[in-house]
Each structure stands twice: as structure tokens, then as C-alpha cells.
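1. Sequence and predicted structure below; questions after.
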Amino acid sequence: MPQCIAVLSGGLDSMLAIRIMQEQGVEVDALNFKTIFECCQDRAGQAARGLGVRLTVVSQEDDYLEIIKNPRFGYGKGANPCTDCRIYMFQRAKRFMEQSGADFIVSGEVAGQRPMSQKRWQLDTISYHSDLEDLLLRPLSAKLLRPTKPEREGWVDREKLHGFSGRSRKGLIQLGKDLGLPYIPDPSTGCALTEIQFGRNVHDLLQLEPEATRWDFEILTIGRHFRFDNETKVIVGRNEAENDQLEYMHKLPDASSSAMLDGHNYIGALALIVGPPSGDVLRFAGGLMHRYGKAKTVEAPQIEVIQRDRTWIMPIEATEEAQRATTLASS
């Protein structure tokens, strides 16, 4: 029995690709890539259970950040290096395929569905640069593409594959019903890098902090980010959950934050300073905490400034700078 590794996001397309292989008697193992920018990571687990396949989840390594910083094939409208990202993903999948002894890889990509990674030339580019040109099968659009080794060798029947193209989900949804999928998933909001506003945060980091680490990228998904100057920014939590996340991030050994600011005589927004915590920066950060927290309800609000080597209390007040400040994502 032929074996394949299916790249499973948990969306409709990848679920269909797996079901099509199962219908042809191919043994399927699923592989999911966990990224710091992707939402809905639990979708893959739910989909794997519904389809009855084993699931392996792998995280992107630090070398993925080099793709974000210098994508060979460029960015989309946000900070999304989609073609480079797919190449990276399939290179990892190829390694997993070789280690597991599987015969080929399956993907739910649909020709023409995504403008940054699924045009015909992009599909060919991804296959070529991931060294999977003849072993990457896309069953939803296979009839529009060159036959791959699994088709030529008879591991799968090309006539039972499909020729979908474009962005419409109507035909895919009907196919899911015909194949008896356990459920039809709603469209995912996908990768945050594709969002134009979030992309501004990423490009700000790339331009002003070229030596940024994984920590700096991970924290982009938390809180409001305000640029004070080229060396310094302030991150303010939106709610209690984000306050907890910021506190956790600050305590990590590789944290880039130089100070954490918390309400001393009131409960409200928590803030981190990334960069030198000068007096002007502290005043600006305090003004943001006054603006977004509950400090304005206290007669003489104070904050606790926590650094690696010392902690002290300082008063805060509303400032014109903080009132005018806009987040990186909306500026």
C-alpha cells in the first residue's frame, strides 16, 4: 500500500486532499506546521481526529525568521512571504517523509486560489525549490498540472483526481459532502502576516531592529505597540489576558524588554518597554497606561517600574504625547 504525508492545516482544502487519498487506498499520515503568526492551531487536531489519521505537529525553527527578514520571492500586501514560506514548509515535510518512509507528499493547494503562493508558476516554483518536483501531489488541481510520479506509477488514479481552480469554495464544499467529510470547516482567518495592519508592525521591526530575535517577533501578536523612537517602543496590554502574556514574556531569559510597568495603586493596563528606559520613555509609557487603563479613576495614580536589578514607584499622568500616539498597526 502506498503511503503519503499530507500537510494538514485543518481547513477544507487539506481535509479534502486527505479524503481523496483515503478513497484511493493510500495510507495517510498528517503533518501540521505550528507558527507564531498562524491562528486556529487546534483546527488541525480536530480535522485529524475526524479523518482518522495520525497527526504530527512541528514548530518552525529560528531559521524561519530569516525568511521573514529576507524573502527570496518577496512579500504580499502585508509582511507575508508566502512562496518562501511554502518552500520552507515542504522542505521540512520532505525531511519528515524520508524519516517516516513514506512515498510522496500531498497538499490541499488549489491553483489560482491564493495570489501569493498558488498561481501556476508559484506552484511549480514551490515544488522545484523544495526538491519535491515529482513527489508533491495536489489532488484538488492535479488535472491542471503535470502528472507527478505517484500518478505515473499508478499509486493514485489521476482520473479520480480533480481540476479545481480559483477562489470559489462552492465546488469544494459540494465535494466535501460527496466524500462524507465529518464536517465542513469555516474559512480560517489564516496567517497574521497577510494582514496589512499587522504587517506594519513586522516591517517596523525589520527596518528598525534588524537583529530582532524570535522573542521580538512573538510579542508582535500581543498588545498595542507604540514606537517612541528608532530604538524604543512601548507595548500596552488590552485586557487581563494580554497583561498576563506580557508579564510572562518579560520574565523569559531571552526577553528584549528592559522594564515592565504595572499599576501600583490601581488595576489596569500593564506595559513593557523594549529599548532604553529613559525618563522620557517612562513618562510616555506612563501616559499610555493612564490613557488605556484605569489610572484616570485614581486621584494620584502610581505605577511600579520593574527592571532586572531594581524596582521603584513613580507617579504617572496624562500626557499630550500619549494621547496623540497611534499604534504601529494604525499609523
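-> Sure, I can see it. Numbers count the residues shown, from 1 in each chain.

2. Domains in this protein, by residue range?
-> 3-178, 195-324 (automatic domain parsing).

3. Could you tell me the end-to-end distance of the first one?
-> Domain 3-178 has an end-to-end distance of 24 Å (criterion: C-alpha to C-alpha, to the nearest Å).

4. What of the last one?
-> The straight-line separation of the ends of domain 195-324 (C-alpha to C-alpha) is 24 Å.

5. Quick one: mean pLDDT for it?
-> The average of the pLDDT scores along domain 195-324 is 93.

6. One more: stretch 22-37?
-> 92.

7. ditto for stretch 113-120
-> pLDDT averaged over stretch 113-120 gives 72.

8. Which strand residues bridge Ser59?
-> Lys34 (DSSP bridges).

9. Using PDB, write out every CA atom in the one helix or strand Gln99 maps to.
-> Assessed by DSSP states H and E, Gln99 sits inside helix 82-100. What follows is helix 82-100, C-alpha atoms only, in PDB (Å, rounded to 0.1, in the frame of the first residue of the first chain):
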ATOM      1  CA  CYS A  82       4.000  33.200   1.200                       C
ATOM      2  CA  THR A  83       6.000  31.500  -1.600                       C
ATOM      3  CA  ASP A  84       9.200  31.300   0.600                       C
ATOM      4  CA  CYS A  85       7.100  30.000   3.500                       C
ATOM      5  CA  ARG A  86       5.600  27.200   1.400                       C
ATOM      6  CA  ILE A  87       9.000  26.200   0.200                       C
ATOM      7  CA  TYR A  88      10.300  26.100   3.800                       C
ATOM      8  CA  MET A  89       7.300  24.100   4.900                       C
ATOM      9  CA  PHE A  90       7.600  21.500   2.100                       C
ATOM     10  CA  GLN A  91      11.400  21.200   2.700                       C
ATOM     11  CA  ARG A  92      10.500  20.200   6.300                       C
ATOM     12  CA  ALA A  93       7.800  17.900   5.000                       C
ATOM     13  CA  LYS A  94      10.300  16.200   2.700                       C
ATOM     14  CA  ARG A  95      12.600  15.600   5.600                       C
ATOM     15  CA  PHE A  96       9.700  14.100   7.600                       C
ATOM     16  CA  MET A  97       8.700  11.900   4.600                       C
ATOM     17  CA  GLU A  98      12.200  10.500   4.300                       C
ATOM     18  CA  GLN A  99      12.400   9.800   8.000                       C
ATOM     19  CA  SER A 100       9.000   8.000   8.100                       C
END
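
10. Just the buried residues of that helix, please?
-> 82-90, 92-94, 96-97 (16 or more other C-beta atoms under 10 Å). All C-beta spots, glycine's among them, are computed from the backbone N, C-alpha and C.

11. and it, what does it pack onto?
-> strand 3-7, strand 27-34, strand 54-59, helix 64-69, strand 104-106, helix 120-129 (3 or more C-beta pairs under 8 Å, 6 or more residues apart in numbering; DSSP states H and E).

12. what's the longest one packed up against?
-> Helix 120-129 is packed against helix 82-100, with contacts defined by 3+ C-beta pairs under 8 Å, 6+ apart.

13. before we move on, the earlier item: tell me which of the helices and strands packed on helix 82-100 is the most buried.
-> strand 104-106 (a mean of 26; mean count of other C-beta atoms under 10 Å).

14. strand partners of that one, parallel vs antiparallel please.
-> Applying DSSP bridges, one finds strand 104-106 paired with strand 3-7 (parallel), strand 136-137 (parallel).

15. List the contacts of it.
-> Residues outside strand 104-106 that contact it (C-beta atoms under 8 Å, 6 or more residues apart in numbering): 2, 4-7, 17-18, 21, 28, 90, 93-94, 97, 132, 135-139, 148-150, 155.

16. At which residues are the helices of the stretch 201-331 of the chain located?
-> Here the stretch 201-331 of the chain has its helices, by DSSP state H, counting those that start in this stretch, at 214-218, 240-251, 279-292, 320-324.

17. Turn the ones you listed into TSV, columns for mean neighbour count.
-> Formatted as TSV, these follow (neighbours: other C-beta atoms under 10 Å):
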stretch	mean neighbour count
helix 214-218	16
helix 240-251	16
helix 279-292	20
helix 320-324	13
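
18. out of those helices, nearest to Leu123?
-> For Leu123, the closest of the helices of the stretch 201-331 of the chain is helix 214-218, at 27.6 Å, according to C-beta to C-beta.

19. on contacts alone, who are the packing partners of the closest one?
-> Secondary elements touching helix 214-218 (3+ C-beta pairs under 8 Å, 6+ apart): helix 64-69, helix 196-208.

20. With distance to Thr56 as added columns, please give those helices in a markdown table.
-> What follows is the helices and strands packed on helix 214-218, written out as a markdown table (distance: least, C-beta to C-beta, whole Å):
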| stretch | distance to Thr56 |
| --- | --- |
| helix 64-69 | 17 |
| helix 196-208 | 28 |
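
21. Kindly state which of these is positioned closest to Asp124.
-> Judging these by C-beta to C-beta, what sits closest to Asp124 is helix 64-69, at 19.3 Å.

22. outside of the closest one, which residues touch it?
-> 35, 79, 81, 84-85, 88, 193, 202, 206, 210, 212-214, 217.
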